[in-house]
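Asker: Sharing a model prediction with you, sequence too.
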Amino acid sequence: MDYVPPTRRLRILLAIIAALLGVLAVRLWQVQVLQGARYLQQSEENRVRDYVITAPRGVIYDRKGRPLVSNRPSFAVAVLPLELRRKDEVLANLSAILDLTVEEIQEKITANRARPFEPVRVRRDVGPRIVTMIEENRLDLPGVIILAEPVRHYLHGSLAAHALGYVGEIDEAELAARREHGYRQGDLIGKAGVERAYESILRGVDGRLRMEVDALGRPLREIARVPAVPGRSIALTLDLDLQRAAAEGLRASGQRSGAVVALDPRTGGILAMESLPSYDPNLFATGISSSDWRRLTTDPLRPMLSRAISTAFEPGSVFKVVTAAAALEEGIVTRTSTFHAPGYFRLGSWVFRDLRAWGTVTFLQGIQHSINVVFYNLGYRLGGERLAAQAKRMGLGELTGIELNGEVAGTIPSPSTKQDLVGEPWYPGDSVNMSIGQGAVTVTPLQVARMMASVANGGTLLRPHLLLYAFERDRAKTWTPPVAQRERIYTTPALAVLREGLQAAAERGTGRASAVKGLTIAGKTGSAENPRGRPHAWFAGYAPVEAPRVVVVAFVEHGYRGGLSAAPIVRRVFEAAFPPPAPPPAPEATP
Amino acid sequence: MNPRALRYLDWVLVASTVALVAGGAVILYSATRTFGDPWSFIRARAMHALAGTVLLVLFAALDYRMLARAWQPLLGLTVLLLAAVDVLGRTAQGAQRWIPLGPFSFQPSEVAKLLLIITLAKHLDGHREITSWRQIIPLLAHAGIPILLIVQQPDLGTAMVLIAIFIAMFFAGGAPLRAIAGMGAAAAAVAPVLWGMLHDYQRKRLIVFIDPGIDPQGAGYALIQSKIAVGSGQLFGKGLLQGTQNLLHFIPEQHTDFIFTVVGEELGFAGAIVMLALFALWLWRAGTTAVAARDRLGMLMAVGVLAMIAFHVFVNIGMTVGLMPITGIPLPFISHGGSALVVMLAATGLLLNIGMRRKRILF
């Protein structure tokens, strides 16, 4: 036998094989023992999916418990970014079903980059047709899921839109500020109005659903569930009947823009707040389309702007309430003081005109018929500083402190500020002009309502508010107490004359169109000349005179004459507030 | 077969084979019990094991020297079978690998491994020494033609197994080191050309092997997921039938190429090492058989079988722990797949055959 085994070479082969097996053993030790914990965690992340159960927001009721804003069930289409296999193909399929471009979908996914395990909602509130199409094409859409979620529903469309506000997806800045409160990308948040002001009450606590999924992301088994806690509901001081009357009245004025504010002079609770033109907050509830957004933001009438609080206008003759109050408080006039009203007021070489010549009139007649010359005289004698001080005392030219954002202060000029602002001295003519609410005076309808409320309630400036009560978790109600911002701003005799004059104006004077049968009303009209077009029409009044429960301010932009276009709106609201065998609006209870 | 030969039967090799097949069946059950009928894969496994045992006995009983005598017709058969795949082949996952055979079908590339070992051993046995290119070139052609046929199926994994078998046998057969080094250099030189000939998915597999993060949901997916499954088993595993990644099908091909992930996940490092130890035992016995073989032919055949199993084990397990790129090479005795099991058992029979007919005392 001449065969000699190649022992050396065989040993080399065996040594190589032994070394390879050794490498495997070392590698297994490394992967399983040294890094095992990390891989175990990854295997859990593989297997477990956390879904958010969106908590419904609290319902918003009116003061009589009628729902204004609630929630309705809906379906949203979402993608799980980590499970998007064959991404290009899936997005193309999805784009065809949802009628969105691939880029739009991609953009939403990119925005959510930081949380790849969270579903990204691609389109909210899809119809049953889309849900069915997605379920039927499930195998061609790995990583696409349908989420059930509540959608905000504004039951009365555009009614009270500016007061109620709207919700929208949280933006970068809001997210940065509120991350520690549990907000996440894609969450809805109150963007305006009550939705924004009471976000922390209305927002619920989202629940979590932990599911075991297979490699295709199909949920197989529920592992744990933390139920969603719905947001707390609130009741507003708004009265749906008055709100409707305000909206109808504004529309019936035939003008394109204006505002109505009604409030309870005893508490400051806002009974109605309507701004025209309005918008439908439902558009925002599921993410507003870009065309709707463009339409709303480029409309020259700016429908999203609340004319009740976010724009200040020339008050015109409504300001005569301030002038009258100042003159009475300063003792310049009494109810029977007489004035010569020839139809103009001469100051040096300047002539200030009136509508007509009245002859000799009393101070009360001056209020009743809104006779400019009477107020020119008073303004001239009071001077700008005292007029401005009285206006400020009555809450004009300052924020009212309502809960809503976007409120503006308006301006009350005065000799001391004019020099600073305009760089011109205050001329005596400025005081004359200011006495009838012209010049640089601008106020918001809400300020005027608060001012009228102070006349109606005997001299207390109340903070206007929209929240009547909030439900606690145990359904107990937490009531909003009235907040007096300034008290006793009129002396009793002065107030009595002022009220008498306002009643005369509403019932026998310029405001007759506000009359409601069987109701005593006090009020003041205004036609405010302004540089932008026809005069603005105002009417500010309260009723019943004996024990005022409702203040209404109507403002019609370029409405021409307060008595013609604003007073009828107020009448409608009074009619709603005091229906024939009328139970008046329930007073806000105090605990 | 005479009683003296039976006395030399390598019981350790038999025992390790039985342990691997039996343990493999348990793992296979765990990997496949969620695929509809939980027992269908086990029934198939039992049938294949039975057929494999018959072949094992056959390959053990027939003297390997007789078996090898017909090496040239056998080589012809190998080439014919591989060529037939192109004509008759059934396609699965983009590659033609199966030939229908009555109610069954089989993979000629698996059979080709064993046939190459037998024929190449006989071919090499014809040369006492390998010195000239006149000897080397026919040897290269002998292995090269089946390899090229398999590459164009395409079944790169099996082609690499054949290359490994060839190099090991060539080396053990006394090839000059210069020739082996030259072949290595030639392979390096044609590598760019081969890269161009690869299918896209094959190229992707190699790219993601370097960096699986490039395509975590696509080509890198299996690589990442198999490491997660194996690693998550930690020291003692999640328990047999308890592997979540297995149960929820996070690993593609978990019952074939990636079956080791089930071992790693459910039995942990301990189980993986036990399985590795069984393979080591088996390979040690194969090595012993090669060393103790009575003649050059037996030694070469044993080396071929040794190289085949060792390569399979290293590449398959290495792939699940990120040491090797993804190639469709099954884990011997464990992965689902009848042709492979039958061929591996026949190869075991061949080893027993050589071992029984040794003359000299083991070292």
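Answerer: Sure, I can see it.
Asker: could you pull out the strands for the stretch 51-200 of chain A?
Answerer: Taking DSSP state E, counting those that start in this stretch, the strands of the stretch 51-200 of chain A run over residues A:60-61, A:67-79, A:120-126, A:144-154, A:167-169, A:188-190.
Asker: how much space between residue A:574 and chain B?
Answerer: The gap separating residue A:574 from chain B is 67 Å, by Cβ to the nearest Cβ, to the nearest Å. C-beta here means a position set from N, CA and C on the backbone, and glycine is covered the same way.
Asker: Low-confidence ranges, the stretch 51-200 of chain B, go.
Answerer: Within the stretch 51-200 of chain B, the segments meeting pLDDT under 70 span B:89-96, B:101-103.
Asker: nearest spatial neighbour of the residue in it that chain A sits nearest to, skipping sequence neighbours?
Answerer: The stretch 51-200 of chain B approaches chain A most closely through residue B:172 (5.5 Å), counting by Cβ to the nearest Cβ. Counting by Cβ to Cβ, 6 or more residues apart in numbering or on different chains, the nearest residue to residue B:172 once its immediate chain neighbours are dropped is residue B:303, at 4.3 Å.
Asker: related to what we said a few turns ago, in TSV: the strands of the stretch 51-200 of chain A, plus mean pLDDT, distance to residue A:261 and mean neighbour count.
Answerer: Shown next, in TSV, are these (pLDDT from 0 to 100; distance: least, Cβ to Cβ, whole Å; neighbours: other Cβ atoms under 10 Å in any protein chain shown):
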stretch	mean pLDDT	distance to residue A:261	mean neighbour count
strand A:60-61	97	19	24
strand A:67-79	92	17	20
strand A:120-126	87	33	20
strand A:144-154	89	20	19
strand A:167-169	90	24	23
strand A:188-190	92	21	22
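Asker: Please name whichever of the ones you listed is nearest to chain B.
Answerer: Of all those, strand A:67-79 comes closest under Cβ to the nearest Cβ, at 12.7 Å.
Asker: partners of that closest one in the sheet?
Answerer: When pairing is defined by DSSP bridges, strand A:67-79 lines up against strand A:60-61 (antiparallel), strand A:120-126 (antiparallel), strand A:144-154 (antiparallel).
Asker: circling back: which elements pack onto the helix or strand harbouring the residue nearest to residue B:172?
Answerer: Using DSSP states H and E, residue B:303 falls within helix B:296-320. Helix B:296-320 makes packing contacts with helix A:7-28, helix B:64-69, helix B:108-125, helix B:156-172, helix B:221-232, helix B:260-292, helix B:338-356 when contacts are defined by 3 or more Cβ pairs under 8 Å, 6 or more residues apart in numbering or on different chains; DSSP states H and E.
Asker: Just the angle for the longest one relative to helix B:338-356, thanks.
Answerer: So the one you mean is helix B:260-292. 30 degrees (axes from the mean of the first three to the mean of the last three Cα atoms, to 10 degrees).
Asker: now swap in the third one and tell me
Answerer: Here the directions of helix B:108-125 and helix B:338-356 differ by 30 degrees (the same axes, to 10 degrees).
Asker: Do helix B:108-125 and chain A come into contact?
Answerer: No - figure legend: helix B:108-125 not in contact with chain A (Cβ under 8 Å from any Cβ of the partner chain); closest approach 9.9 Å.
Asker: try the longest one
Answerer: Yes - under the criterion of Cβ under 8 Å from any Cβ, helix B:260-292 makes contact with chain A via B:264-265, B:268-269, B:272-273, B:276, B:279-280, B:283-284, B:287, B:290-291.
Asker: secondary structure class for the residue of the stretch 251-400 of chain A found nearest chain B?
Answerer: Minimum separation of the stretch 251-400 of chain A from chain B (Cβ to the nearest Cβ) falls at residue A:287, amounting to 27.3 Å. What DSSP: H, G, I helix; E, B strand; the rest coil gives for residue A:287 is coil.
Asker: That one contacts residue A:170, doesn't it?
Answerer: No - Residue A:287 is beyond contact range of residue A:170, at 11.7 Å (criterion: Cβ atoms under 8 Å).
Asker: who in the stretch 51-200 of chain A is up against chain B?
Answerer: So the stretch 51-200 of chain A meets chain B at A:82-87 (Cβ under 8 Å from any Cβ).
Asker: give me the number of residues near the residue lying closest to residue A:227 once chain neighbours are set aside?
Answerer: Excluding the flanking residues, the one nearest residue A:227 by Cβ to Cβ, 6+ apart is residue A:207, at 4.7 Å. Neighbours of residue A:207 under the rule other Cβ atoms under 10 Å in any protein chain shown: 16.
Asker: hang on, isn't residue A:207 packed against residue A:50?
Answerer: No - Residue A:207 lies out of contact with residue A:50 (Cβ under 8 Å); the separation is 10.5 Å.
Asker: Which single residue of chain A approaches chain B most closely?
Answerer: Counting by Cβ to the nearest Cβ, chain A gets nearest to chain B through residue A:39 (2.7 Å).
Asker: and the strand or helix carrying that residue, how far from the chain's centre?
Answerer: In this structure, residue A:39 sits in helix A:36-47 according to DSSP H and E. For helix A:36-47, the distance from its own C-alpha centre to the chain's C-alpha centre is 47 Å (Cα atoms, centre = their mean, to the nearest Å).
Asker: Contacts for it, please.
Answerer: Applying Cβ atoms under 8 Å, 6 or more residues apart in numbering or on different chains, the contact partners of helix A:36-47 are A:31-32, A:117, A:212-213, A:215, B:225, B:227-235, B:244-245, B:248, B:250, B:265, B:269.
Asker: For the residue of the stretch 251-400 of chain A closest to chain B, which non-adjacent residue is spatially closest?
Answerer: Per Cβ to Cβ, 6+ apart, closest to residue A:287 is residue A:124, 5.4 Å.
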